[in-house]
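Q: need a 3D model of the following:
(chains A and B, ligands or ions: 1)
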Amino acid sequence: MPTMNMLQAINNALDIAMGEDDKVLCFGEDVGSFGGVFRATSHLQEKYGRARCFNTPLVEQGIIGFANGLAAQGSVPVAEIQFADYIFPAFDQIVNETAKFRYRSGDLFNVGGLTIRAPYGGGISGGLYHSQSPEAYFAHTPGLKIVVPRDPYQAKGLLLAAIRDPDPVLFFEPKRLYRAAVGEVPEEDYQLPIGEAEVIREGSDVTLVGWGAQMEVIERAVELAEKDGISCEVIDLRSLLPWDQETVAESVLKTGRLVITHEAPRTGGFAGEIAAAIQERCFLYLESPIARVTGLDTPFPLTLEKEYLPDHLKIVEAIRDSVNF
Amino acid sequence: MTMTTTADIHEPTFLAGDEFSIPTFRLLQQDGTLFEGATAPELDQAQALAIYRAMVATRVLDERMLAAQRQGRLSFYMQCTGEEASVVGATAALDDADMIMAQYREQGALIYRGFTFDEFMNQLFGNELDYGKGRQMPIHYGSRKLHYMTISSPLATQIPQATGYAYGQKLAGDGQCTAVFFGEGAASEGDFHAALNMAAVHEVPVIFFCRNNGYAISTPSIEQFAADGVAPRAFGYRMHVIRVDGNDILAVHTATREARRIAVEHNQPVLIEAMSYRLAAHSSSDDPSGYRSKKEEEAWREKDPILRMQCWLNEQGWWSEDEEKALQESLRREVLETMKRAEKRPPPPLDSLVTDVYADVTPELQRQLDALKRHVRRYPEAYPKGARALDPDVQADDTAAKGEK
Ligand SMILES: Cc1ncc(C[n+]2csc(CCOP(=O)(O)OP(=O)(O)O)c2C)c(N)n1
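A: Down below sits the predicted model:
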């Protein structure tokens, strides 16, 4: 099996999707011959032509509005937003249009073919405007699906699933891992399920839940915790909308403890939603308060980025506090 | 209220976008002489040299800081190279108290207004003296004193803000205006169109200054718009517009001075499109060899705006080779010295993580900061900057240790 980094896996998924279905189109700022500023769309224009892989003018609301129209027509657009921080000019198109197309028309029209790819997250010295994790804004919007892969294997399988999903999908890519995460990825076509979490490590004392780039951080924390004799169960949520309550609840019923982590600020962050749902379902089984390890309730800083980020040391402290409550 | 349709027609006669093409205002040729029939603006020697110094200083700062980025001393950098005449020439035509809202490639404007190399370096290194408290990436400068709005990375957001700011200036009746800079790429954003429309409708003294440098990262302007550049859009909003050779300091200066007059005297917005070329990469993270030819770059290098102005100064008898050499050397030395100083400065205090989110730190933010401080105290080696920023004592030791190296 070949090894790929996350960008190669994403590129490979796009290549497969475009090769298989000529309705699939890739576009966005710098996406054309240059292959995107991160090179996720490299060589696609060469291979599939300028009509199917192209640069757009620099206008996010235009990119997504255009993509909505294309998807309504029956094409399968994969639109790239260069950084998740710059998705907000397209917020209206995504939240009011993408998400509500099917509902408002009684399913006369839908934009289920649409996939929006956007690199998100910190740890790259990006400061305020190249580090945000905006998933919670969108998770509040019925009608969207939100997917976040943690490694190259997941990225390829989930992206192929997103492109073929009957609903519009926001696909947030952890850019810190674009080149850093390398792993075996099958050359052939495969899909991973949207809406299903994955238990990536079994344990009995505490459940850890995260997504995307946090999974790697959680793994480092778990190694430290296990040295203390704490047995951790680790769940990658993979999809935030819809999210897999079953798998998380089942795990918490077993361990009695839950630690959730994300990079986004705490207040209104998606960890709050998970905590609320899990205490509804598992209240009598909880041995300690559900803990959140998150970014601060501030914009994302630069010089003190390391301090801001929820890292393995903050997570291991939360695990210890939870177990010793 | 009147709708101005000049005449009725009874045949379906469409007007096509390519029927418009806008001429380019030029005064100075590359050899330093004026075009026939062109008149130089009234620039005395002192102001001409101040402009030239700012252009050269911008170039020197950019070259040194890109080198520093390549050496790993700096995380990121963006150059103005090739566009110094546009930025400095426009700034010099404004009143010093006019507001400037820049995109990010306009360090020349700050240099012209007197932002010191120390001030640049503190921002670039995000140290405790950075006005932005180490929160933003390098090149996101700002100066209240110099009427230069702090840079925000999301493109084009400053354009409608400029319209609003200038409307406030009009109401205040202080005779100032706002000049807003942006690239031809950013002019595709919805914010650009919103800004021009509102400015025209509300008769706002704002100068929209488009730096058309041919590329938005890798995207050439022909993939950015089908029209003849950005300038023709002004017609749609009923606005004054001029296209100018952005490498021609005299033309840029003259055009901006006239634009300012229209803005301030008549409360009318003006669009200036300065035609130039981004000689450098988009940023230190970009490699333009992936999307454009060396030949194209070379052709533009021959139109270097700094050399052109130097030739003109020589023609005037205002500048010599010795002075050029001395200027280059002193600028280089100053950049290196200030860089060393800034590098050694400690990071901003840990408290700066939670200040300025609101006017006052909220109880929840205070709780989050306290928890973070306890955590950093427990693991000081894992957060070297945080630990240094925590206690003044730790900081002093550390600075001393670094200073010895
Ligand atoms: C809203 C938004 N979208 C995307 C970006 C990423 N980005 C930064 S600079 C840039 C290109 C800008 O080109 P242009 O406006 O022509 O200015 P130039 O860099 O050529 O000076 C892009 C796409 C951004 N900063 N903001």
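Q: quick check: buried residues in stretch A:103-116?
A: Of the residues in stretch A:103-116, A:110-116 count as buried by neighbour count, 16 or more other Cβ atoms under 10 Å in any protein chain shown. C-beta: built from backbone N, CA, C; applies to glycine.
Q: quick check: end-to-end length of it?
A: Start-to-end span of stretch A:103-116 (Cα to Cα, to the nearest Å) is 19 Å.
Q: wait, does that stretch make contact with the ligand?
A: No - using Cβ under 6 Å from any ligand atom, stretch A:103-116 stays clear of the ligand, coming no nearer than 14.0 Å.
Q: so for chain A, the centremost residue is which one?
A: Nearest to the geometric centre of chain A sits residue A:148, at 1.8 Å (Cα atoms, centre = their mean).
Q: the nearest residue to that residue once chain neighbours are set aside sits in which helix or strand?
A: Computed as Cβ to Cβ, 6 or more residues apart in numbering or on different chains, the closest residue to residue A:148 that is not its neighbour in sequence is residue A:212, at 4.0 Å. Using DSSP states H and E, residue A:212 sits within no helix or strand.
Q: report how many residues lie close to the residue in chain B positioned nearest to the ligand.
A: As assessed by Cβ to the nearest ligand atom, the ligand sits closest to residue B:183 within chain B, at 2.2 Å. Residue B:183 is flanked by 27 other residues according to other Cβ atoms under 10 Å in any protein chain shown.
Q: and what of residue B:198?
A: By other Cβ under 10 Å, 18 other residues sit near residue B:198.
Q: do stretch B:291-298 and the ligand meet?
A: No - figure legend: stretch B:291-298 not in contact with the ligand (Cβ under 6 Å from any ligand atom); closest approach 12.3 Å.
Q: give the buried residues for that stretch.
A: The neighbour-count criterion (16+ other Cβ under 10 Å) identifies B:291, B:297 as the buried residues of stretch B:291-298.
Q: and the strand ranked longest in chain A, what does it pack against?
A: As assigned by DSSP state E, the longest strand anywhere in chain A is strand A:258-265. Counting contacts by 3 or more Cβ pairs under 8 Å, 6 or more residues apart in numbering or on different chains; DSSP states H and E, strand A:258-265 is packed against helix A:135-139, strand A:206-210, helix A:214-227, helix A:270-282, strand A:291-295, helix A:312-323.
Q: mind jotting down where the helices sit in the stretch 1-150 of chain B?
A: For the stretch 1-150 of chain B, the helices defined by DSSP state H, counting those that start in this stretch cover B:45-70, B:84-92, B:107-113, B:117-124.
Q: again with the stretch 1-150 of chain A
A: Counting by DSSP H, counting those that start in this stretch, the helices of the stretch 1-150 of chain A are A:6-20, A:44-48, A:60-73, A:91-92, A:101-104, A:135-139.
Q: quick one: contacts of the fourth one?
A: The contact list for helix A:91-92, computed with Cβ atoms under 8 Å, 6 or more residues apart in numbering or on different chains, reads A:61, A:137.
Q: who are the contact partners of the residue of the stretch 101-250 of chain A at minimum distance from chain B?
A: Residue of the stretch 101-250 of chain A nearest chain B, by Cβ to the nearest Cβ: residue A:129 (3.5 Å). Contacts for residue A:129 (Cβ under 8 Å, 6+ apart) come out as A:83, A:85-86, B:136-137, B:152-154.
Q: among those residues, which are in reach of the ligand?
A: Counting by Cβ under 6 Å from any ligand atom, A:86, B:153-154 from those sit close to the ligand.
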